[in-house]
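Colleague: kindly generate the corresponding structure for this input.
(one chain, ligands or ions: 1)
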Amino acid sequence: MLVTIEKLISPQEVMEVRRILDEATFVSGRVSAGKRAAARKKNSEIPVGANSLDSLNRIVMGALVRNETYRLATLPLKVAAPFYARYVSGMYYDSHIDDPVMGDGPRYRSDVSITIFLNAPEEYQGGELCIDTSFGEQRIKQSAGSAVLYPSSTLHRVDEVTGGERLVAVTWLQSMVRSEAQRELLYKLAMARDQLFCELPDSSACATVEQTYVNLVRMWSEV
Ligand code: NI
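Modeller: Residues are numbered from 1 along each chain as shown. Now for the predicted structure:
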C-alpha cells in the first residue's frame, strides 16, 4: 500500500525547515548507506550528530506523530530519526531495497519507508521517487510538506536530478503489525469506521466495526 499525505508539514513549518537546511552542512550520503547500496547512491545528507538535526526533527517528527493518516496507515512501534538529503544536478539513488534491520543503538525492523518532500517540485528537474509496486511503477514528486509512505520491501530509486535541488527527509519505522497485507486491511477498516462515526454514530454497525477494528489490532499486534 502506498499512501500519500498532503501538507503533512504546514507551509510555515516548511519555511522554517528550509531556513535550517540553508544553513546546514551536508556530506556525502554514501556514509549512511549499507555496503551494497553505497555504490548506487549519490546524494548529500546532514551528518549524524549535527546541531541542526534537533530542530529539524522537532518539526518533521512532530508533524508525523500528530498526523492521523500516518498513525492509521503504519501503526508505528519504533520510528527512526530521519535523514535529511539534498540532491543537486547529477545526483540520484539507483534502484535498491532498504536494509531489513536498522539502527546503530536500538535496532528496529524496517516495515514502512517514508519520504517527506521539503521543497516544491518546480524547484528541480528529474528526481522522481520511483517505486515498483504490483500495479507497476509509481513515479512520485509531491508538493513541499507532503509525504509518501510505502512498504520497505519494495524496490525503489530516485531518478537523477538534472537541474535545481531536491530536498527530502527520509525515515523508516517498525510497525506493530508486521504484515503489509494486514496493515492494509486495518487501514481500510479504519477508514470505514471513521466514516460510520460521522454518518451513523449511534448505529450498531458503527459499534461492530469499531469492535472488530480494535480486536483485529489486538490480534495482529506485536509489541
Ligand atoms: Ni531506500
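Colleague: from here on, just use CA atoms for contacts and neighbour counts.
Modeller: Fine.
Colleague: for residue 5, give me its contacts.
Modeller: Shown in contact with residue 5 (CA atoms under 8 Å, 6 or more residues apart in numbering): 69-70, 146-148.
Colleague: dump the residues you listed into JSON lines; add distance to residue 89 as well.
Modeller: As requested, the contacts of residue 5 are exported to JSON lines (distance: CA to CA, whole Å):
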{"residue": "69", "distance to residue 89": "33"}
{"residue": "70", "distance to residue 89": "31"}
{"residue": "146", "distance to residue 89": "22"}
{"residue": "147", "distance to residue 89": "22"}
{"residue": "148", "distance to residue 89": "23"}
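Colleague: in a markdown table: these, plus secondary structure.
Modeller: Formatted as a markdown table, the contacts of residue 5 follow (DSSP: H, G, I helix; E, B strand; the rest coil):
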| residue | secondary structure |
| --- | --- |
| 69 | helix |
| 70 | helix |
| 146 | coil |
| 147 | strand |
| 148 | strand |
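Colleague: which one of the residues you listed is nearest to residue 139?
Modeller: Nearest to residue 139 among these: residue 148, at 11.2 Å, using CA to CA.
Colleague: residues contacting the closest one?
Modeller: 2-5, 114-116.
Colleague: again, but for residue 81
Modeller: Listed by CA under 8 Å, 6+ apart, the contact partners of residue 81 are 57, 61, 171.
Colleague: turn these into TSV, columns for distance to residue 36.
Modeller: TSV is the format used below for these (distance: CA to CA, whole Å):
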residue	distance to residue 36
57	27
61	28
171	19
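Colleague: which parts of the protein are helices?
Modeller: With helices called from DSSP state H, the chain shows them at 11-23, 35-38, 52-66, 68-74, 180-199, 204-220.
Colleague: hey, what's the most centrally placed residue in the chain bridged with?
Modeller: Per CA atoms, centre = their mean, the C-alpha nearest to the average position across the chain is that of residue 114, at 1.2 Å. Beta-bridge pairing of residue 114 under DSSP bridges involves residue 149, residue 171.
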